[in-house]
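A.B. asks: return atomic coordinates for the entry below.
(2 chains)
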2 protein chains.
Amino acid sequence: MNCIIASTSTIHGSGYLKYLKSVLTSYFKGVNHILFIPYARPSGLTHDEYTAKAKEGLSFLKVEVKGLHEFEDPKQAIQSSEAIFVGGGNTFLLVKTLQDFGLMSVLKDKILSGTPYLGTSAGSNICGPNMQTTNDMPIVRPESFETLGILPFNINAHYIEPDPNSKHKGETRRTRIKEFQVFNDINVIGLKEGSWLEVRGETIQLKGQLDAIWFEPSNTPKIIKSENYI
Amino acid sequence: MNCIIASTSTIHGSGYLKYLKSVLTSYFKGVNHILFIPYARPSGLTHDEYTAKAKEGLSFLKVEVKGLHEFEDPKQAIQSSEAIFVGGGNTFLLVKTLQDFGLMSVLKDKILSGTPYLGTSAGSNICGPNMQTTNDMPIVRPESFETLGILPFNINAHYIEPDPNSKHKGETRRTRIKEFQVFNDINVIGLKEGSWLEVRGETIQLKGQLDAIWFEPSNTPKIIKSENYI
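C.D. replies: This is a model prediction of the structure:
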């Protein structure tokens, strides 16, 4: 495998994908075409609008970016793609659309064969065994919560620690992940905004300047330092 | 109907249910037994632990509080109950458990017949047509997202406005609700912590000191002032 699995597309004070510019320039070196999967539709953007945004965000690469919705046969488009980018938005909508078109296993096989894969946010959430550590609202109902399973643990994207000054009583991210692990024997990595995982063959490395948080069902959460392997 | 539908059980700096003490004292006047439904299991509490917490929280009432899990026949327990309290926690887990025991329509009929109903957080989310504006993690998968539908609109509990100083790029609550309404033609009320709805027959009134936010699919959000009818 050969993946960049990022917590977010955008960090505070920076443009779309800009914090990943040098990483992506080197990662996509030699690539001429990127297939963009716009199904997660952030803020309800259309597939065309979202693909235009991805093109603009990747314009520093001098590659052709095409949306999966532009192809008549999406299975074949994935199978013959040179590199794939799945953007963020709503994870329920992304998973439902991939399922409705029967694309989950096609995408998995393609990534396992070594095709470069970039995921951000919802596009990263789908890399674990299931999507059940998403922060998103269940705006649609997928037939199954199972996802690609190319990683042996789940992602919690946009991970954020409890704010000690907050007066809000809604559940913290830690509480939510603990509740998940009461019912699911799956480890979870909380990836903060600005962090990403680099997957090269069998190795998975935490990149970016921040620590990540590692949750196991029966242990207290641990800190993973940047550059460490998981 | 005769319901108190609250955004949260607890506000900052106060104990469990304490901000509702005078409201509940008057609301449950003459009631001797409250049936508590502990299925939402906040932080993975057991049904016994959560019921003990509810008993302690309602101790100012001098009523008997019994957990639904203590009854052999939960349908019959709901049907013969004098008053019902559904506590918060994880909405997916609450809905799945109600569905697994076949209790959703029984509970709906009982509330429609005028039985006093108190919901907090997840217990309020289930009052709308569906649970799809919950903030919770999908830690389990219910067979359906449909809920009681005793209100003609959805609830977003623990509603919070975007923090203008936040550097976090995860979706705001407004963006999430907007995404929901791209796919669901359902109005939504954002109930801040400390707000509740009082439902008396056909009237629904916003109570507590704070405004609420009203979202319609094709309009800009509106503010609802406390004490106004919806």
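A.B. asks: mind listing what the spatially closest residue to A:Arg200 that is not a sequence neighbour touches?
C.D. replies: Closest residue to A:Arg200 apart from its sequence neighbours, by CB to CB, 6 or more residues apart in numbering or on different chains: A:Asn2 at 6.3 Å. Just so you know, the C-beta spots here come from the backbone N, C-alpha and C atoms, and that holds for glycine as well. Shown in contact with A:Asn2 (CB atoms under 8 Å, 6 or more residues apart in numbering or on different chains): A:114-117, A:199-201.
A.B. asks: read off the pLDDT value for the most far-flung residue of chain A relative to its centre.
C.D. replies: Using CA atoms, centre = their mean, the residue of chain A lying farthest from its centre is A:Lys167. It sits 30.2 Å away. The model reports A:Lys167 with a pLDDT of 81.
A.B. asks: which parts of chain A are helices?
C.D. replies: When assigned using DSSP state H, the helices of chain A occupy the ranges A:21-27, A:47-57, A:74-79, A:91-100, A:104-112, A:122-125, A:173-183.
A.B. asks: so A:Ala6 sits against A:Tyr117, correct?
C.D. replies: No. Between A:Ala6 and A:Tyr117 there is no contact under CB atoms under 8 Å: 11.1 Å.
A.B. asks: who's more crowded, these two?
C.D. replies: Taking other CB atoms under 10 Å in any protein chain shown, A:Ala6 and A:Tyr117 do not tie; A:Ala6 has more neighbours (31 against 25).
A.B. asks: partner residues bridging the more buried one?
C.D. replies: Assessed by DSSP bridges, A:Ala6 has beta-bridge partners A:Thr120, A:Trp196.
A.B. asks: can you pull the contacts of it?
C.D. replies: A:20, A:118-121, A:124, A:191, A:195-197.
A.B. asks: coming back round to it: ok, and the most crowded of the contacts of A:Asn2?
C.D. replies: Neighbour tally across the contacts of A:Asn2 (other CB under 10 Å): the maximum, 25 neighbours, falls on A:Tyr117.
A.B. asks: leaving out the residues flanking it, which one is nearest to it?
C.D. replies: A:Tyr117 sits nearest to A:Cys3 (CB to CB, 6+ apart), 4.4 Å away.
A.B. asks: tell me who's in contact with that neighbour.
C.D. replies: Neighbour list for A:Cys3: A:111, A:116-119, A:127, A:150, A:197-199 [criterion: CB under 8 Å, 6+ apart].
A.B. asks: now, which of those sits nearest chain B?
C.D. replies: Set against chain B, the nearest of the contacts of A:Cys3 by CB to the nearest CB is A:Gly119 (15.6 Å).
A.B. asks: go ahead and confirm A:Ile126 touches A:Leu98.
C.D. replies: Yes. With contact defined as CB under 8 Å, A:Ile126 reaches A:Leu98; the gap is 7.5 Å.
A.B. asks: these two: which is more packed in?
C.D. replies: It is A:Ile126, of A:Ile126 and A:Leu98, that has more neighbours when counted by other CB under 10 Å, with 28 against 25.
A.B. asks: and the residue positioned nearest the centre of chain A, how far from B:Gln181?
C.D. replies: Nearest to the mean C-alpha position of chain A, by CA atoms, centre = their mean, lies A:Ser124 at 1.4 Å. Here A:Ser124 is placed at a distance of 26 Å from B:Gln181 (CB to CB, to the nearest Å).
A.B. asks: what's the answer for A:Gly30, then?
C.D. replies: Here A:Gly30 is placed at a distance of 43 Å from B:Gln181 (CB to CB).
A.B. asks: show me the strands in chain A, by range?
C.D. replies: A:2-6, A:33-37, A:64-67, A:84-86, A:117-120, A:154-159, A:188-192, A:196-200, A:203-207, A:212-215, A:222-224 (DSSP state E).
A.B. asks: packing partners for the fifth one?
C.D. replies: In this case it means strand A:117-120. In terms of contacts (3 or more CB pairs under 8 Å, 6 or more residues apart in numbering or on different chains; DSSP states H and E), strand A:117-120 is packed against strand A:2-6, strand A:84-86.
A.B. asks: ok, which of the ones you listed comes nearest B:Val65?
C.D. replies: Nearest to B:Val65 among those is strand A:2-6 (46.7 Å), distances taken as CB to CB.
A.B. asks: give me the angle between that closest one and strand A:196-200.
C.D. replies: 170 degrees (axes from the mean of the first three to the mean of the last three CA atoms, to 10 degrees).
A.B. asks: any idea of the angle strand A:2-6 forms with strand A:203-207?
C.D. replies: Using the same axes, to 10 degrees, strand A:2-6 lies at 30 degrees relative to strand A:203-207.
A.B. asks: can you say which of the helices of chain A is nearest to chain B?
C.D. replies: Across these, closest to chain B is helix A:173-183 (CB to the nearest CB), at 3.7 Å.
A.B. asks: and the closest one, what other elements does it pack with?
C.D. replies: strand A:154-159, strand A:188-192, strand A:212-215.
A.B. asks: could you give the separation of it from the chain centroid?
C.D. replies: Distance of helix A:173-183 from the chain centroid (CA atoms, centre = their mean, to the nearest Å) equals 20 Å.
A.B. asks: can stretch A:52-63 be found next to chain B?
C.D. replies: No. Stretch A:52-63 stays clear of chain B (CB under 8 Å from any CB of the partner chain), getting no nearer than 13.8 Å.
A.B. asks: for the record, mean pLDDT for that stretch?
C.D. replies: In this model, stretch A:52-63 carries a mean pLDDT of 95.
A.B. asks: pull out the buried residues from it.
C.D. replies: For stretch A:52-63, the neighbour count (16 or more other CB atoms under 10 Å in any protein chain shown) marks A:52-55, A:57-58, A:61, A:63 as buried.
A.B. asks: then stretch A:190-207?
C.D. replies: A:190-199, A:204, A:206-207.
A.B. asks: now pLDDT and distance to B:Met131 too, for the residues you listed, in TSV please.
C.D. replies: Listed next are the buried residues of stretch A:190-207 as TSV, based on pLDDT from 0 to 100; distance: CB to CB, whole Å:
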residue	pLDDT	distance to B:Met131
A:Gly190	97	25
A:Leu191	97	27
A:Lys192	96	29
A:Glu193	94	28
A:Gly194	95	32
A:Ser195	96	31
A:Trp196	97	32
A:Leu197	98	32
A:Glu198	98	37
A:Val199	98	34
A:Ile204	98	34
A:Leu206	98	34
A:Lys207	97	37
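A.B. asks: columns distance to A:Ser105 on top of those, output as a markdown table?
C.D. replies: Below are these laid out as a markdown table (distance: CB to CB, whole Å):
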| residue | distance to A:Ser105 |
| --- | --- |
| A:Gly190 | 28 |
| A:Leu191 | 25 |
| A:Lys192 | 31 |
| A:Glu193 | 30 |
| A:Gly194 | 32 |
| A:Ser195 | 28 |
| A:Trp196 | 25 |
| A:Leu197 | 22 |
| A:Glu198 | 24 |
| A:Val199 | 19 |
| A:Ile204 | 22 |
| A:Leu206 | 28 |
| A:Lys207 | 28 |
